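K.L.:
Pasted the sequence and its predicted model underneath.
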Amino acid sequence: MLFTSLRPTFELHLPYPCDAVNRQVQEVLKGSEWSNHCQSFDRYSELHVPKAEIRYWSPHLSLHLDDDDADGTRVLGRFAPRQEVWTLVWFIYLALTFVAFFSSIFVFSIWWLGKSSWMGVVPLLAIAGIATLHLVSRIGQQWSSDQMIQLRAECDLLFQQINEDHERFSTSKPLR
């Protein structure tokens with residue numbers, strides 16, 4: 001599966017009220033088979049790769065529950081690297097952007113004065129570093145695509161389990 005963004009995102013629309021879905025998600029994720037690699041906070045939940053399978057580029061899947069217009073629930077799922085990896089990547093992006101911007105201003109100022117400097121290569125190196133980091137992030141994402149597929153399957157299993165629970169206690173129409 002080829003993912004087209006650094007943080008692939010998907011949406012699910014459920015025909016049940018958000019509070020009911022949220023309550024069921026909380027209950028299901030407290031179960032023993034979910035509790036060791038899932039976290040849930042009000043209308044936000046995270047599915048993680050089991051600790052034994054974690055690699056450097058391992059993702060997690062965050063699920064945001066929100067009311068939709070049709071008296072149902074909108075689930076926004078987003079894949080992202082682990083927090084420490086995501087923080088490091090953005091710190092490097094910001095540092096390289098800072099270097100590129102201010103070294104460009106410095107080089108332009110020296111050029112404006114009619115002089116030249118070897119510093120003209122620094123903005124180019126910083127931009128090359130940004131491009132390299134982006135490429136490495138894409139490669140890392142492809143290396144972990146199997147785990148993204150696994151997390152999406154767990155997400156589908158979660159909502160299938162919620163659908164079965166809801167059908168047992170309600171006459172509402174099933175999840176799609």
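P.N.:
Looks like it arrived, so ask away.

K.L.:
which residue ranges form the strands in the protein?
P.N.:
For the chain, strands defined by DSSP state E occupy the ranges 9-14, 38-41, 44-48, 59-67, 73-81.

K.L.:
got CSV for those strands, with mean neighbour count too?
P.N.:
For the C-beta atoms, the positions are set from N, CA and C on the backbone; glycine is no exception. Supplementary listing: these in CSV, determined by neighbours: other CB atoms under 10 Å:
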stretch, mean neighbour count
strand 9-14, 14
strand 38-41, 16
strand 44-48, 20
strand 59-67, 19
strand 73-81, 19
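
K.L.:
Could I get the full set of helices for the protein?
P.N.:
According to DSSP state H, the chain carries its helices in the segments 18-29, 32-35, 83-112, 121-143, 145-169.

K.L.:
got the contact list for the helix or strand of the chain with the lowest mean pLDDT?
P.N.:
None of the helices or strands of the chain scores lower by mean pLDDT, DSSP states H and E than helix 32-35, at a mean of 74. For helix 32-35, the external contacting residues (CB atoms under 8 Å, 6 or more residues apart in numbering) are 28-29, 158.

K.L.:
Quick check, central residue of the chain?
P.N.:
Ala80 (2.5 Å; CA atoms, centre = their mean).

K.L.:
out of the helices of the chain, nearest to Leu61?
P.N.:
With CB to CB, the closest approach to Leu61 among the helices of the chain belongs to helix 145-169: 4.2 Å.

K.L.:
could you check the angle strand 9-14 makes with that closest one?
P.N.:
Here helix 145-169 runs at an angle of 10 degrees relative to strand 9-14 (axes from the mean of the first three to the mean of the last three CA atoms, to 10 degrees).

K.L.:
Out of the helices of the chain, point me to the one whose mean pLDDT is lowest.
P.N.:
Mean pLDDT per stretch puts helix 32-35 lowest among the helices of the chain, at a mean of 74.

K.L.:
want to try CSV for the strands of the chain, with mean pLDDT and distance to Leu133 as columns?
P.N.:
Shown next, in CSV, are the strands of the chain (pLDDT from 0 to 100; distance: least, CB to CB, whole Å):
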stretch, mean pLDDT, distance to Leu133
strand 9-14, 88, 21
strand 38-41, 86, 28
strand 44-48, 91, 24
strand 59-67, 92, 17
strand 73-81, 91, 12
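
K.L.:
Export those strands as a markdown table, with columns for distance to Leu88.
P.N.:
A markdown table is the format used below for those (distance: least, CB to CB, whole Å):
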| stretch | distance to Leu88 |
| --- | --- |
| strand 9-14 | 22 |
| strand 38-41 | 21 |
| strand 44-48 | 18 |
| strand 59-67 | 15 |
| strand 73-81 | 9 |
